[in-house]
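Enquirer: Requesting a structural model of the entry that follows:
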Amino acid sequence: MKYILIIAGIILLTVCSTAWTDKTAADERTGAFVEYTCQMPGDAEESTDELMDTAVDAMKKRLNMKHFDESGVKRVGRKGIRVEAMGISPEELINLTGSHDPAEFTDREGSWIIPVRLVFEGAGEITGISCAE
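Expert: The predicted model follows:
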C-alpha cells in the first residue's frame with residue numbers, strides 16, 4: 001500500500017509539473033496586435049496606395065529598430081494597418097508603435113513628408129504572427 005501511494009504521488013507530481021511547464025511555455029508565446037486607421041492629408045486621396053505602403057514600411061522599420069524580429073505589419077483594407085509582435089502586451093505595443101502622436105513619414109525617395117495620423121482602432125492578445133510576410 002505504501003508503494004502504491006508513493007507511485008501515485010510521483011505520477012501526480014509529474015502530471016502537475018508537465019501542465020505547469022506547458023502553460024508557462026504557452027504564456028511565453030503570447031503577443032499582441034494593434035490596429036490603426038490612417039487619416040491622410042486632405043489632398044492625398046489619389047495617392048493613398050503609395051502613402052499606405054510608405055506608412056507600413058515605416059512601421060516595420062520602427063519594430064526592426066526596437067529588435068522585434070518576430071513581428072508583422074500589414075495593410076488592412078484601404079486605410080488600415082495591423083501590427084503584431086510576440087512577447088509584448090497590447091499596451092506596450094501601442095507605446096512602441098508611437099500611435100499617440102501624428103506620424104510623419106517620408107516617401108521612398110525621401111523627397112516629401114507624409115503627415116499620417118494613426119487612429120487607434122483596437123488591440124488584443126495573439127498566440128502567433130498572422131500578418132508576417
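
Enquirer: could you show me where the strands are in the protein, in order?
Expert: 31-39, 71-76, 80-86, 103-106, 113-126 (DSSP state E).

Enquirer: Return the set of residues that bridge with the residue nearest to residue 68 when sequence neighbours are not counted.
Expert: Leaving aside its chain neighbours, residue 68 sits nearest to residue 85 (4.8 Å; criterion: CB to CB, 6 or more residues apart in numbering). For glycine as for every other residue, the C-beta is placed from the backbone atoms N, C-alpha and C. Note on residue 85: beta-bridge partners by DSSP bridges are residue 32, residue 71.

Enquirer: Give me the number of neighbouring residues for residue 85.
Expert: When neighbours are counted by other CB atoms under 10 Å, residue 85 registers 25.

Enquirer: what's near enough to touch it?
Expert: Applying CB atoms under 8 Å, 6 or more residues apart in numbering to residue 85 gives the contacts 31, 32, 63, 68, 70, 71, 72, 93, 96, 129.

Enquirer: Now list the buried members of those.
Expert: 31, 32, 63, 68, 70, 71, 72, 93, 96 (16 or more other CB atoms under 10 Å).

Enquirer: Give me the distance between the first one and residue 48.
Expert: Computed as CB to CB, to the nearest Å, the residue 31 to residue 48 distance reads 29 Å.

Enquirer: Kindly report the same for the fifth one.
Expert: Distance of residue 70 to residue 48, computed by CB to CB: 29 Å.

Enquirer: What of the second one?
Expert: As for residue 32, its distance to residue 48 is 27 Å (criterion: CB to CB).

Enquirer: Repeat that for the third one.
Expert: Distance from residue 63 to residue 48, counting by CB to CB: 23 Å.

Enquirer: which residues of the protein score low on pLDDT?
Expert: Applying pLDDT under 70 to the chain flags the ranges 1-6, 8-9, 12-28, 41-47, 98-108, 110-115, 132-133.

Enquirer: again, 50 this time
Expert: Low-confidence segments of the chain (pLDDT under 50): 19-27.
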